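Peer 1: Sharing a model that was predicted from the sequence below.
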Amino acid sequence: MTADILIQVLVSGLLIGLIYALVAVGLTLIFGVMDIVNFAHGEFLMLGMYASFWAFVLFAIDPIVALPMTALLLFAVGVIVYQTVIRRILKAPMLSQIFATFGLMILLRGLAQFFWKPDHRLIPHSLVSGNIALGPVQFGLPQFVAALGAIGVTGALWVFLHRTRLGTALEATAIDREAATLMGIDGQKMFALAWGIGAACAGLAGGLIATFFPIFPEVGANFILIAFVVVVLGGFGSITGAFLAGIIVGLIEVLGGFLVGPEYKTAIVLSLLLIVLLVRPRGLLGKA
Amino acid sequence: MRFADANSEPTGTPSTSRPVTRRRTMARLLGVAALLATTALGGLGIGAAPARAEDEIRIGVIYPLTGAAASTGVELKAAAELAAAIINKEIPAPAGLVAGVGMPHMKGAKIRLVFGDHQGNPQVGATEAERLITSEKVAALAGAYFSNVTATASQVAERYGVPFLNGESSSATLTQRHFKWFFRTTPHDDLFVTNFFTFLEDMEKKTGDKLRTVGLFNENTLWGNETTKLQVKLAADRKFDIAEKIVYPAKTTQMTSEVQRLKASKPAVIMQSSYLGDAILSMKTYKELGFLPKMLLANDAGFNDSEFLKTMGKDGEFVISREVWALDQADRNPLIRQVNDLMKQRSGVDFNGNSARAFTAIAVLADAIDRAGATTPDAIRKALQETDIPATGLIMPWKGVKFDADGQNELGQGLIVQVQNGQYATVWPFDVATKPVVYPMPAWDGR
C-alpha cells in the first residue's frame, strides 16, 4: 500500500465524516436541549433531499442554490412537529417519547412513499459536478462542496449558540431548564427553536448530499444509525463533540473498511460505539 | 431522564372479566376473518367457474394477482392468456411458432386457464394449488413467479401427483429437490453466473486481452453471499484469479473504502451484485475515484431497474448485465416481433423477461398435453419428459426446450446485455447479439 492511497482514503473519510457531523449536530442539539432522542431525524434528512429534488425538477433550482429555502422549510417542519407531537409528550414516560418519534419516523417514511413513490431518484446534473484532482488524490466536487457546507453550517450554529443572545438563551435552557425559566427565558419557545434548528441541520445535510446521493423514502435509515454513534461518541448534547466525532467516525469507517475489509466497516463503527459506552460513557466532550 | 414516570401505575386498566371475555371473542372472530381472507377469498373472485364442458382442458395458473407484485402478476396473466388464445385458435398463430399452436391430438378440445392468486405469500400459494387441484380438478399447474411460492405450490402438486410447470422462478434449489412432477423451462441463477465466465473466455478470444483477474463485489444478503460462493468456485474451476473479493454491507452511506480496495487490486473485470440504491452509489463512487475496469459485469437487479438508466444517464452507459430476454431480440427473430405485437395489441405493453417466460411456459405445457393425447397426470408427465422443441419455434433466446431428469430445461440460455445509448442491447451469445460489445469501458469524462 502506498502513501498516495492512504492519503486518498483519509481524504474520502474526512469528506464523509463532515456530512455525518452535520447530520449528528441537529440530533445532539435536540437531545441536549430537551433530553429527547429523535428517531425521525433521518427522515428530516430525507425531507431535505426531496425538497432539493422537487426544487430542481419543478423550478430548475440547483440544490446548492436552494439550500436557504430547504433550511427554512425544514425549520418549519421541525417547529410543526414540536408543536403537534413533541409538546404533548414532554412529561410523558421516556418509552412514550421514544415511540412517538419512532412513530413519526414511520409516518414520514410512509407519506414519502405514498406521495413520491418508492423509486430512487437522482439529481441528474447539479452546478457542482465532476472531479477535482490534487496530485494523486481525487475527490468529487459535490462531496467537497457538501463537506465545506457542513463545516459552514456547524460553524454558524456554534457562533449562534455562543455569540448571540437567542443562542445563549437556548444554551442556558439546555444547561438548566428551570433556572433558565426563572431568568425569564420562555422554555416552550426554546424547545420549538431547538426542533426547528435541529431539523434545519438535517435538511441542510440532505440538500448538500442530494447532489450525489440517491434520493428515496428510506434514505434516512442509512444515515441515522451512524448519527447515533456520532452523538454518543461526541457526548450527548455537545455540538463541538458531535462535529469532532463525525470526522472521527468517517475516518475510522473508511480507513477501517479499507484496511480490514469493507465487510467489517459497520462492525468497526459499532464496536467503537460499544467501547465508548464502556470506557467513557459521557463521550468525548459530554458533561459528566 | 424520566425513568421514574414509567413506574407509575397506569390508570384505567380493565380488571373485570367481561371485557376480557369480549376481547377473546373478538380475537376468535378476527382469527376466522383472517382464515377466510387467506383461503376462501382468493378463490371467490377467480374460481367461480361455469359447469365443465366435456372438451375442456383445465390448467391451473398461480400468480401474484394482488399485493406488492400485483403489477407483475397482471402482466404474467395477460401473457398466459395470450398463449391460451393462440392455442385455442381464437387468434391465428404467428408463422413459425412451434409449441402451443392448437391441439390436433385432442380432437379440438380447448384449454381453459383457471387462475389462482398467491398474493406473494408461500402459504397462500400452497392453499391455491390445493384448491385448483381438488376443487377445480385441473390437469396441470403453472406458475408462480416468486421462487419461494413456487417451492410451496409445487410441493402440493408433488403430493397430489399433478404436473407443475414453472416458467419464471430462477432459484437453483427448485430443481435440486429431485421432484417427480416438477418441470422448469427457465434457466436458473447458477447458469447466469456461469455465463459470465464463459463470456469472459469468449471476450479473451475476441480481443486477445487477458481478462483473468476478477474483482468480486457483492452485497451481503443471501443473494450476494450465494453469488460470491458460486463465483469463487467457478473462478477456481476455470482458472481465473480473484484479485479482490468484497462482500459489502447493503444500504450503506459510502462506498469509498470498497472502491479504493477494488482499485488498488487492479482487476481487469468487476462482477457486481447490488440492488438499486447501492448500484447508483457505487457507480458514483467509481467515477469520483476514477476507477475504470475494462468491463463491469452486473448481476441484474439494481442495474436492470428502469430507474437505473433514467437516473444515471451517461454514467450508467456501458454497464454489462445479464438478462433472460430482451426486446431487441425482435430485430433478429421476426417471430418474437409478431408475438410481441399480439401482446401489445391485447394488453398495451411489450413483453419483458417475465411475461415472455410465462407465455412460453403455457405453450410448452399445452404442447405436452396435446402430445399426451389425454389429460391423465401420468400421460402429461411422460409427454413433458419427451418434450423437444427447437430454438426456432420459441420467442426465447434459448437453444430449445428439453427437460433433464430433475425437470430442468437443459437447453435454456441467458443473454448478456450492455447499456448502449440508454438501452439494453444484446451483446452475447455472439450468435444472437444485436450490437457488438463496447470494449473496454470508455473513460468517465470521455463520454
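Peer 2: Received it, and whenever you're ready, just let me know what you need. Residues are numbered from 1 along each chain as shown, chains lettered A, B, ... in the order given.

Peer 1: In the stretch 301-447 of chain B, which residue sits closest to chain A?
Peer 2: Minimum separation of the stretch 301-447 of chain B from chain A (CB to the nearest CB) falls at residue B:311, amounting to 3.7 Å. For glycine as for every other residue, the C-beta is placed from the backbone atoms N, C-alpha and C.

Peer 1: ah, wrong one, I meant the stretch 51-200 of chain B
Peer 2: Among residues of the stretch 51-200 of chain B, the one nearest chain A by CB to the nearest CB turns out to be residue B:68. It sits 10.0 Å away.

Peer 1: returning to that earlier point: mind listing what the residue of the stretch 301-447 of chain B closest to chain A touches?
Peer 2: Residue B:311 makes contact with A:120, A:121, A:122, A:124, A:214, B:280 under the criterion CB atoms under 8 Å, 6 or more residues apart in numbering or on different chains.

Peer 1: what about it, distance to residue B:423?
Peer 2: 15 Å (CB to CB, to the nearest Å).

Peer 1: quick one on the thing from earlier: where does confidence bottom out across the contacts of residue B:311?
Peer 2: Between the contacts of residue B:311, the one the model trusts least by pLDDT is residue A:124, at 82.

Peer 1: and the helix or strand containing residue B:79, average pLDDT?
Peer 2: Assigned by DSSP states H and E, residue B:79 belongs to helix B:70-87. In this model, helix B:70-87 has a mean pLDDT of 92.

Peer 1: wait, does that helix contact chain A?
Peer 2: No - where contact is defined by CB under 8 Å from any CB of the partner chain, no part of helix B:70-87 touches chain A; the two come within 12.5 Å at best.

Peer 1: List the buried residues of that helix.
Peer 2: Residues of helix B:70-87 classed as buried by neighbour count (16 or more other CB atoms under 10 Å in any protein chain shown): B:72-84, B:86-87.

Peer 1: do the same with stretch B:203-218
Peer 2: B:203, B:211, B:212, B:213, B:214, B:215, B:216, B:217, B:218.

Peer 1: Report the residue spans of the stretch 151-288 of chain A with pLDDT below the cut-off.
Peer 2: In the predicted model, the stretch 151-288 of chain A carries pLDDT under 70 at residues A:288.

Peer 1: Up against chain B, what does it have?
Peer 2: Taking CB under 8 Å from any CB, the part of the stretch 151-288 of chain A that reaches chain B is made up of A:212-214, A:216, A:218-219, A:221-223, A:226, A:250, A:253-258, A:261-263, A:265-266.

Peer 1: residue boundaries of the strands in the chain?
Peer 2: All of this refers to chain A. Along chain A, the segments classed as strands by DSSP state E run A:131-134, A:137-140.

Peer 1: ah, I was thinking of chain B
Peer 2: Taking DSSP E as the criterion, chain B carries its strands at B:56-63, B:110-117, B:140-143, B:164-166, B:182-184, B:213-219, B:241-248, B:269-273, B:295-298, B:320-323, B:389-390, B:400-401, B:415-420, B:423-428.

Peer 1: Make TSV out of these and add distance to chain A and mean pLDDT.
Peer 2: TSV is the format used below for the strands of chain B (distance: least, CB to the nearest CB, whole Å; pLDDT from 0 to 100):
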stretch	distance to chain A	mean pLDDT
strand B:56-63	22	95
strand B:110-117	22	95
strand B:140-143	25	96
strand B:164-166	28	97
strand B:182-184	30	97
strand B:213-219	9	95
strand B:241-248	5	95
strand B:269-273	13	95
strand B:295-298	16	96
strand B:320-323	17	92
strand B:389-390	39	93
strand B:400-401	36	95
strand B:415-420	16	94
strand B:423-428	17	92
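
Peer 1: Check residue B:36 and give its pLDDT.
Peer 2: pLDDT, the model's per-residue confidence, is 46 for residue B:36.

Peer 1: Oh, that last question was meant for residue A:26, not what I typed.
Peer 2: Reading off the confidence values, residue A:26 has pLDDT 94.

Peer 1: That one touches residue A:41, doesn't it?
Peer 2: Yes - using CB atoms under 8 Å as the test, residue A:26 is close enough to residue A:41 to be in contact (6.5 Å).

Peer 1: When the two are compared, which one has more neighbours?
Peer 2: More crowded of residue A:26 and residue A:41, by other CB atoms under 10 Å in any protein chain shown: residue A:26, with 33 against 30.

Peer 1: Look up how far chain B lies from the more buried one.
Peer 2: The span separating residue A:26 from chain B equals 16 Å under the rule CB to the nearest CB, to the nearest Å.

Peer 1: give me every residue that touches that residue.
Peer 2: The neighbourhood of residue A:26, defined by CB under 8 Å, 6+ apart, consists of A:41, A:44, A:197, A:198, A:199, A:200, A:201, A:202, A:205.

Peer 1: For residue A:135, state which of those is nearest.
Peer 2: residue A:205 (29.2 Å; CB to CB).

Peer 1: What count of nearby residues applies to the closest one?
Peer 2: Close neighbours of residue A:205, defined as other CB under 10 Å, add up to 32.

Peer 1: hang on, the earlier thing: nearest residue to the residue of the stretch 51-200 of chain B closest to chain A other than its sequence neighbours?
Peer 2: Nearest-residue entry for residue B:68: residue B:120, 5.8 Å, with adjacent residues in sequence omitted and distances by CB to CB, 6 or more residues apart in numbering or on different chains.

Peer 1: So what's the residue count around residue B:234?
Peer 2: Residue B:234 has 17 nearby residues by other CB under 10 Å.

Peer 1: can you check residue A:117 too?
Peer 2: The burial metric for residue A:117, expressed as a neighbour count using other CB under 10 Å, is 12.

Peer 1: Report pLDDT for it.
Peer 2: Reported pLDDT at residue A:117 in the predicted model: 82.

Peer 1: OK, contacts around it?
Peer 2: Taking CB under 8 Å, 6+ apart as the test, residue A:117 contacts no residue whatsoever.

Peer 1: so who does the nearest residue to residue A:160 once chain neighbours are set aside touch?
Peer 2: Using CB to CB, 6+ apart and skipping the chain neighbours, the partner closest in space to residue A:160 is residue A:167 (4.2 Å). Taking CB under 8 Å, 6+ apart as the criterion, residue A:167 is in contact with A:159, A:160, A:161.

Peer 1: I figured the second one hits residue A:166, correct?
Peer 2: So that's residue A:160. Yes - between residue A:160 and residue A:166 a contact is recorded at 7.5 Å, counting by CB under 8 Å.

Peer 1: Who has more neighbours out of these two?
Peer 2: Just comparing residue A:160 and residue A:166: by other CB under 10 Å the higher neighbour count belongs to residue A:160, 16 against 13.

Peer 1: May I have the helix holding residue B:79 exported as PDB, CA atoms only?
Peer 2: The C-alpha coordinates for helix B:70-87 follow below in PDB (Å, rounded to 0.1, in the frame of the first residue of the first chain):
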ATOM      1  CA  ALA B  70     -49.600  -7.300  -8.500                       C
ATOM      2  CA  SER B  71     -48.400  -5.300 -11.500                       C
ATOM      3  CA  THR B  72     -46.100  -8.100 -12.500                       C
ATOM      4  CA  GLY B  73     -48.800 -10.700 -11.800                       C
ATOM      5  CA  VAL B  74     -51.200  -8.900 -14.100                       C
ATOM      6  CA  GLU B  75     -48.700  -8.900 -16.900                       C
ATOM      7  CA  LEU B  76     -47.900 -12.600 -16.400                       C
ATOM      8  CA  LYS B  77     -51.600 -13.300 -16.600                       C
ATOM      9  CA  ALA B  78     -52.000 -11.400 -19.800                       C
ATOM     10  CA  ALA B  79     -49.100 -13.400 -21.300                       C
ATOM     11  CA  ALA B  80     -50.600 -16.700 -20.200                       C
ATOM     12  CA  GLU B  81     -54.000 -15.700 -21.700                       C
ATOM     13  CA  LEU B  82     -52.400 -14.700 -25.000                       C
ATOM     14  CA  ALA B  83     -50.800 -18.200 -25.100                       C
ATOM     15  CA  ALA B  84     -54.200 -19.800 -24.400                       C
ATOM     16  CA  ALA B  85     -55.900 -17.700 -27.100                       C
ATOM     17  CA  ILE B  86     -53.300 -18.800 -29.700                       C
ATOM     18  CA  ILE B  87     -53.600 -22.500 -28.600                       C
END
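
Peer 1: All good on my end, thank you.
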